[in-house]
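can't give you the sequence, but here's the structure:
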């Protein structure tokens, strides 16, 4: 008999420090022919500078998978809002960032 476990299962570890997360209120997305670069930044009102807190570099295929995963999760989030008698749609939220990046 075959084992019913998925053959490509990956066990993911999340350290306590990483689990705390990093707050960002601005994202800048750039791309080249071979990669997408997502810079996450924390902007503090009144501060003249803002530092990149995290940078994620993805292949175009992984960027597409991220897009689909975000769309799926936003749809589920919106359904939960409807169930709680709240109204919100994707269009109701201001874009994160507003700065166009180029590579």
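Arrived safely. In this text, all values refer to a predicted model and were calculated from it rather than measured experimentally. Numbers count the residues shown, from 1 in each chain.

Could you list every helix and strand that the longest helix that the chain contains packs against?
Identified as the longest helix of the chain according to DSSP state H is helix 60-83. With contacts taken as 3 or more CB pairs under 8 Å, 6 or more residues apart in numbering; DSSP states H and E, helix 60-83 sits against strand 36-41. The C-beta positions use only the backbone N, C-alpha and C, and glycine is treated the same way.

List the buried residues for the helix or strand following the strand it packs on?
Next in sequence after strand 36-41, counting helices and strands by DSSP states H and E, comes strand 52-58. Neighbour-count burial for strand 52-58 flags residue 58 (criterion: 16 or more other CB atoms under 10 Å).

ok, back up a step: how about the longest helix of the chain: buried residues?
So for helix 60-83, counting by 16+ other CB under 10 Å, buried means 63, 78.

and that helix, average pLDDT?
For helix 60-83, mean pLDDT is 93.

Tell me what angle that helix forms with strand 36-41.
50 degrees (axes from the mean of the first three to the mean of the last three CA atoms, to 10 degrees).

Quick one: distance of helix 60-83 to the chain centre.
Mean C-alpha position of helix 60-83 versus that of the full chain (CA atoms, centre = their mean, to the nearest Å) differs by 10 Å.
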